[in-house]
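Engineer: this is a predicted model, with the sequence first.
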Amino acid sequence: MDKDNIIIIGFSFTGKSVVGKRVAQKLGWEYIDSDHAIAAAVGKPVPAIFAEKGEAHFRNLEREMLQKACSGKRRVIVTGGGAIVDTRNRELFSQSGVVICLEAQPKTIIERLLKSTQMEDTIPRPLLNAADPLARIIQLKASRQAYYAVADRAVYSDDLTVEETVESVISDFEQVRAQSKDAAKQTTPFIVSTATESYPVFVGWGLLDDLGRRMLQCGLSGSARIISDDNVFSHHGDKAIKSLKDAGFKPESYIVPAGESTKTIDTTIKIYDWLVEQRAERGHAIVALGGGMVGDLAGFAAATFLRGLPLVHVPTSLMAMTDSSIGGKVAVNHPKAKNLIGSFYQPRLVLADVSMLKTLPKRELISGWAEVVKHAMILDAEFLELLEKNVDDLSKLKPARIAEAIRRSAYIKSTVVSEDEKEQRKRMVLNYGHTIGHGLETATGYDRLLHGEAVSIGMMGAAMLSERLGLIPHEVATRQKKLLERFGLPTVCSDVSLDSILKAMALDKKVKEKSIQWVLLDGIGKTTFRDDVPQKDVLSVIKKLITN
C-alpha cells in the first residue's frame, strides 16, 4: 500500500502549521490546513463555528473536508488537535498517508500559546479561558495521548528549530513509506476506550523493536521495569531492553519462574520488595513481557504498588495477544480458585509482536486458539467462517493471515470491554467456557492443563448445556467441536475429580447469590445469560467431559 500523503497531527501549538507549510515547500507538494480550509468554506473562524453550531457540527465538516484532502496525492495535510479522536478519521489517515504527530511538553505549549497571543491579541485562545491554563493543557493533552500515539512516528519539537523539525518529519515519512511496502510489517492500531482510560493496541509482525518509541508516544519516559518469566525473557528480553534504551528509557528487569503456579500473592510480594529496592516511583512504567500469567501478575503488581504505576502489556502468547492483555483485568490465584484476588486496571498501551509466536512451544500456541474461537462463537459469525477456512495457514503462522486474525480477535474483545469495563453485564459474554474451564484448572492444581485447554473443554461444556436447554441445534455444538479439534485443542479431560470441579465452580467470581451465571450460546455469534441451569444438566455434562 502506497503512502502518498503526509498527515500531521498533534496538540495545539506543537508547530503543525509552520512545519507543515515548510515540509510542503521542500517537497513541492500541496499544503492543506484542515481548520483553515473549513473556515474558508464556511466563511467563519473555527471558534465561531463551535460557538454557533456546536462541536458535533464542526466534526462533521471536518470529516468531509479530510475525506476530500486525503483523496489526493502528494499533499501535506495538517489537522486540528481533535481530528484524530474520530475512528473514521484514523482509518482514513492510515489508508492515505504517513501520520506524523508533532509533540511538545505542556510547558512548551503554553509558552508558545502566550507568545502567539501577545503577537496576535485579536485571536481568541480558548485554552487561556481556564482558571489554570497549564493544568487544562495537561489534562486535555493527556485525554488525547492514546490517539496521538497511533501515529506512524512522533517528532518532539521542544528543543528543535523549525528546520530541524521539518527535516525530522521528512526523514520519518521516507522511512515509514519504505517499510509500508512490507505487508507483513504493516499494523493498523485501534483504540480501547473505557470509562477510565483510552489506550492504543498495536498488532503486527516485528513490532518489539518499536516498544520504546511507542511508549514515548504514549507519554511515558524515564525508568521502565520489565517483569517477565524465565522462558520468555531468554528469547525476547535483550531486544526489549535495547528498544527501551534506544528510546531513552532506563530499563531494569525482574524474572519469575514460568507457569501458572507462579501467579500468587507470594510472588507479588517479592515483586513489591524488588520495586522498593529499585525505588520505583509513580511515573515509572511496568512492562509486562510475557503471556497471560505474566500479564496478570505484573498487572496486579502495577495496579497496587504506590496505588498504581503505568502498565504496558507486551503479550508474547497467542492467548495474551487476543484476550488477556486487552481490557484491564489483572489478578493472582488463590489456592481454592483462579483469579480470586485482582482488580480492573487498564494499561497505557498494548504492543503485540506476532513474530514472537514463533518461539512459543507448540502446546502453548495451540492453547491460545481457544480464546480466538471463543470470540468468533460468541460475537462474530463471519470471523468463525474465516477461521474455518484458514486453519492451516493460521496454524503455520503465515504472517499476513496470523496478524489479521489476531488483530480481529483482539478488536472483538476491545469492543466489549469498551462498553463494559467492570464486567457489569455485557462483558460477561467473555466468560463463555470459563466457568467449567476455571473449575478444571483449579481441580488439577493449575499445573496439568493450560488455560486455553481448560477453556476449550469448558466451551464444549457450555455448548452442550446450550443444546440441552434447547438454545442451539446439535450442529452448532458439533461445528465448535470440529474447529477446536482442527486447531489441536482438547474437548474432554480424564482423571479429574467431579467434586473438586464443582467446589471450584462454587467459588467462581461469576457466582451471584450462590447461583452460577452461565454464559450460553443462543446461536453462532449470539449469547444469553442463564442462572437457572438445572444442576442435573450441569452434572451430566461435566461427567461427559471428564469421562473417556
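Structural biologist: It's in.

Engineer: quick one, helices of the stretch 251-400 of the chain?
Structural biologist: Using DSSP state H, counting those that start in this stretch, the helices of the stretch 251-400 of the chain run over 265-277, 292-304, 318-319, 362-379, 381-389, 391-395, 399-419.

Engineer: most tightly packed of those helices?
Structural biologist: helix 318-319 (a mean of 28; mean count of other Cβ atoms under 10 Å). All C-beta spots, glycine's among them, are computed from the backbone N, C-alpha and C.

Engineer: quick one: average confidence on it?
Structural biologist: Averaged across helix 318-319, pLDDT comes to 94.

Engineer: then stretch 10-22?
Structural biologist: 93.

Engineer: what stretches of the stretch 51-200 of the chain score poorly on pLDDT?
Structural biologist: The stretch 51-200 of the chain contains residues with pLDDT under 70 at 118-129, 181-186.

Engineer: so what are the structural domains in the protein, by residue number?
Structural biologist: 5-181, 190-360, 413-545 (automatic domain parsing).

Engineer: what's the most buried one of those domains?
Structural biologist: Ranked by mean neighbours (mean count of other Cβ under 10 Å), the domains of the chain are led by domain 190-360, with a mean of 21.

Engineer: Ile378: which of the domains of the chain is closest?
Structural biologist: domain 413-545 (5.0 Å; Cβ to Cβ).

Engineer: ok now that closest one, how far from the chain's centre?
Structural biologist: 25 Å (Cα atoms, centre = their mean, to the nearest Å).

Engineer: can you get me the start-to-end distance on that domain?
Structural biologist: 27 Å (Cα to Cα, to the nearest Å).

Engineer: likewise stretch 77-95?
Structural biologist: Stretch 77-95 end-to-end distance (Cα to Cα) = 14 Å.

Engineer: show me how far it is from its chain's centre.
Structural biologist: Per Cα atoms, centre = their mean, the centroid offset for stretch 77-95 relative to its chain is 19 Å.

Engineer: again with stretch 351-359
Structural biologist: Worked out by Cα atoms, centre = their mean, stretch 351-359 lies 15 Å from the chain centre.

Engineer: can you show me the CA trace of that stretch as CSV?
Structural biologist: Written as CSV, here are the backbone C-alpha positions of stretch 351-359 (Å, rounded to 0.1, in the frame of the first residue of the first chain):
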residue,chain,number,x,y,z
LEU,A,351,2.0,-4.0,21.7
ALA,A,352,1.6,-7.4,20.2
ASP,A,353,4.6,-8.6,18.0
VAL,A,354,3.1,-11.5,16.2
SER,A,355,6.6,-12.8,15.2
MET,A,356,7.2,-13.8,18.8
LEU,A,357,4.7,-16.6,18.5
LYS,A,358,7.5,-18.5,16.6
THR,A,359,9.3,-19.1,19.9
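
Engineer: which among the helices of the stretch 251-400 of the chain is found nearest to Lys21?
Structural biologist: Here helix 399-419 is closest among the helices of the stretch 251-400 of the chain (Cβ to Cβ), at 35.6 Å.

Engineer: give me the angle between the helix or strand that that closest one is followed by and helix 362-379.
Structural biologist: The helix or strand immediately downstream of helix 399-419 is helix 434-443, counting by DSSP states H and E. Using axes from the mean of the first three to the mean of the last three Cα atoms, to 10 degrees, the inter-axis angle of helix 434-443 relative to helix 362-379 is 150 degrees.

Engineer: for helix 434-443, name the packing helices and strands.
Structural biologist: Judged by 3 or more Cβ pairs under 8 Å, 6 or more residues apart in numbering; DSSP states H and E, the packing partners of helix 434-443 are strand 337-344, helix 451-468, helix 498-506, strand 518-523.

Engineer: mind running it again at 10 Å?
Structural biologist: strand 329-334, strand 337-344, helix 362-379, helix 451-468, helix 498-506, strand 515-516, strand 518-523, helix 535-545 (3 or more Cβ pairs under 10 Å, 6 or more residues apart in numbering; DSSP states H and E).

Engineer: take the ones you listed and lay them out in a markdown table including distance to Lys398 and mean pLDDT.
Structural biologist: As requested, the helices and strands packed on helix 434-443 are arranged in a markdown table below (distance: least, Cβ to Cβ, whole Å; pLDDT from 0 to 100):
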| stretch | distance to Lys398 | mean pLDDT |
| --- | --- | --- |
| strand 329-334 | 30 | 92 |
| strand 337-344 | 33 | 88 |
| helix 362-379 | 14 | 96 |
| helix 451-468 | 20 | 96 |
| helix 498-506 | 37 | 90 |
| strand 515-516 | 40 | 84 |
| strand 518-523 | 29 | 96 |
| helix 535-545 | 33 | 95 |
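
Engineer: all good on my end, thank you.
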